[in-house]
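Student: pasting the structure only:
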Ligand SMILES: *Cc1c(COP(=O)(O)O)cnc(C)c1O
């Protein structure tokens, strides 16, 4: 299932059986088949066709007399005409301006309108993409309207109030909402066009067709009623090339007369130095607006895309029928899923694609929805996306760049959005349920290449993971162990691991070695990271699984960190790199070997010491195939050189009285106000960490791992090793029968080695990074799939527990143990509750 944003048009997930499905007779597959490499027929035919064009012709930069240049010029003119034909319009009435994408088209219009003598007023529809919201910042005055506001306007009441007539007005709206697929009437542009005469200054209309044209024809043949400006992105329709278009009705060309900027190619003559004068090209509008060299090869690729798309999927009318049929099947499939207690699994925000509702002219093949459990609590969007990613569905979740649409679908008030923002919510973070309301939606989009089996598999996926047959209590069974009957000696430290370089392989602390425990975590844990040379972002295994093969080891005899790579190392690289462990490596290396550089770890801005040594950075860049640099984040930093723990006890871990009820149980009593969890914010604020994701120390229990592996085996999967959880401390029992799984959920303290106390900071939330085999860097579905089924609470998946060292009260502080606390493999572990 492809989304508009990434894969629409890229032909993802095509299965030939489904394309041949008798239930849908419209789609002709032609003679192209899915090959064994998994290449999709569409992508392959398109690339073959484009490659042929590029290898048999020589295309030069247009605007000169050479044969190669002339060839480019004439092909571009042909494609320009084809684009007009795609919208069924006559070149007499319209011009096509090639732009990078829909947004660039919008900016061209806005840039011209703000240069109009009185500037412009801006009216935009609530369902606008952010790209249509931004122009308000350039306008003299602006207002966001809903359907009602547009209707009133058409009836004569301007949404801008009385003094609006002093400037030109731009009205912008999407032909189809990118949030829920709702289609808005094309007739609005026509009706406002008729009203034009009544206004002193004109109202121009800007139609954002980016979402609509992916799965529907757009016929603008009636120039009198067509929007003045129409924008779209070709990559959304065809997957390739990365190109967009702005269609301008010739009757509205005058808007661009006031545009001030000009650039290479758009002028006939420019005089510099002593005089300042230029003559813009005058024959075609596009000649004046296409600044700089055209994206020649992209435009030529569009020729191929138009051909191949049509050959495989037919006319856009056929695509519309095909996607409409699939959309109805998806809508009905998700809409009919029910929990065992009769409650619906999905809340759908899109309209039924088969029955147009008042105001809208139907719904595109896009389904926006959210998922609830049988008590009515919302599933975390980030969690749904992780699982879907693992199952190879390309859905999108979150605010999907449609602020107005999201706010109205979810009933979010502006103050709530501001409050969410100030309590840490940002687009794309894991905190997506705030104050009991989702902050975004799940969006599944269908395209020409989607199939019946894609839809059925997706409905099956939601049902398998989110439908609750019998309503189960939302908390794990109470642990059998209680302080009184807990034998204190059967648990022990089985393994201690540190990960000197964030997201890379672990270093196992040898038996018999005392390992220092610091407030920030175990000594040497996550003190280094690899940052992208361009963005400064810390690299993670989630995106670069081969990082598991980077194997650091700590050599205290020599005072060195040695790093090897367990995969194949390119010939020109050394077998290992070695760096001094010393905190001030300037002693060993030249002073210019470091730069302080701003980086990002887990979305948080930090300041780290980045190594400048080419030997080091060439090694990591070479083995990982990513331009990266090593950076260090030593303890003791201030400001952005310091981070804090984010771990906290989860609701499901609290005693029953502490747990708030799930939100929105139909017919429930008002929620009792839950007492705040034991770890208050002030305590948390003191908990420093280095580059670990959330907390100083992560512990897991072998009893829980065994239980998980039994569940995986039941489902026919292969057991996973403890390494996938990247724990620092692995706790096992000398008497396995006496260790119930998941009892760590209820621990509040641990005493290790009979002397050191640790505070438990809450269960560890998991993502699909646990699916990376730490030996081979291969990805699989387990254990995340089984965890999602057995360890999901309040919509999130947990395994293992965060903890931190808890320093003794001042009276005992002067013992040697307290000055330099250590733990070692084999230490006894005594939980407290
Ligand atoms: C994708 C989209 C845009 C933005 O398109 P770009 O290609 O990113 O410029 C604008 N509006 C709608 C409705 C869209 O779906």
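Tutor: Cool, got the structure. This one's a predicted model, so the numbers in the text were calculated from it and none came from an experiment.
Student: how about the most far-flung residue of the chain relative to its centre, phi and psi?
Tutor: The C-alpha centroid of the chain is most remote from residue 274, which lies 52.7 Å away (C-alpha atoms, centre = their mean). Backbone geometry at residue 274, expressed as degrees, to the nearest 10, gives phi -70, psi -30.
Student: Can you tell me how far it is from the ligand?
Tutor: 41 Å (C-beta to the nearest ligand atom, to the nearest Å). C-beta: built from backbone N, CA, C; applies to glycine.
Student: Kindly report the same for residue 493.
Tutor: Taken as C-beta to the nearest ligand atom, the span from residue 493 to the ligand is 52 Å.
Student: Surely that residue touches residue 731?
Tutor: Yes - between residue 493 and residue 731 there is a contact under C-beta atoms under 8 Å: 6.5 Å.
Student: any residues in contact with both of the two?
Tutor: residue 829 (C-beta atoms under 8 Å, 6 or more residues apart in numbering).
Student: Show me what the strand or helix carrying residue 455 is packed against.
Tutor: If you go by DSSP states H and E, residue 455 is part of helix 452-466. Here helix 452-466 touches helix 16-19, helix 316-335, helix 381-390, going by 3 or more C-beta pairs under 8 Å, 6 or more residues apart in numbering; DSSP states H and E.
Student: Could you identify the helix or strand that succeeds that helix?
Tutor: Note on helix 452-466: by DSSP H and E, the next helix or strand toward the C-terminus is strand 491-498.
Student: what about that next one, average pLDDT?
Tutor: Mean pLDDT, strand 491-498: 96.
Student: and this protein, which of its residues are near the ligand?
Tutor: Within the chain, the residues that sit near the ligand (C-beta under 6 Å from any ligand atom) are 4, 101-103, 129, 131, 174, 178, 208, 210-211, 233, 244.
Student: export those residues to a markdown table and tack on distance to residue 454?
Tutor: Formatted as a markdown table, the residues of the chain next to the ligand follow (distance: C-beta to C-beta, whole Å):
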| residue | distance to residue 454 |
| --- | --- |
| 4 | 15 |
| 101 | 26 |
| 102 | 26 |
| 103 | 29 |
| 129 | 25 |
| 131 | 28 |
| 174 | 25 |
| 178 | 20 |
| 208 | 27 |
| 210 | 22 |
| 211 | 19 |
| 233 | 23 |
| 244 | 27 |
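Student: Give me the more crowded residue out of residue 493 and residue 731.
Tutor: Counted by other C-beta atoms under 10 Å, residue 493 and residue 731 do not tie: residue 731 has more neighbours, with 25 against 21.
Student: So that one belongs to a strand, correct?
Tutor: Yes - applying DSSP: H, G, I helix; E, B strand; the rest coil, one finds residue 731 inside a strand.
Student: gap between it and residue 389?
Tutor: From residue 731 across to residue 389, the span is 31 Å (C-beta to C-beta, to the nearest Å).
Student: Over to residue 601?
Tutor: 21 Å.
Student: More neighbours: which of these two?
Tutor: Between residue 601 and residue 389, counted using other C-beta under 10 Å, the more crowded position is residue 601 (23 against 15).
Student: For that one, which non-adjacent residue is spatially closest?
Tutor: Spatial nearest neighbour of residue 601, excluding adjacent residues (C-beta to C-beta, 6 or more residues apart in numbering): residue 538 at 4.4 Å.
Student: Just to check, that neighbour is in contact with residue 526?
Tutor: No - Residue 538 is beyond contact range of residue 526, at 10.0 Å (criterion: C-beta under 8 Å).
Student: Now do the shared contacts for those two.
Tutor: Residues touching both residue 538 and residue 526 (C-beta under 8 Å, 6+ apart): 502, 691.
Student: Enumerate every residue touching the residue nearest to residue 601.
Tutor: Counting by C-beta under 8 Å, 6+ apart, residue 538 makes contact with 502, 503, 529, 530, 531, 532, 599, 600, 601, 602, 631, 691.
Student: what does residue 248 give?
Tutor: Shown in contact with residue 248 (C-beta under 8 Å, 6+ apart): 94, 95, 97, 228, 229, 256, 285.
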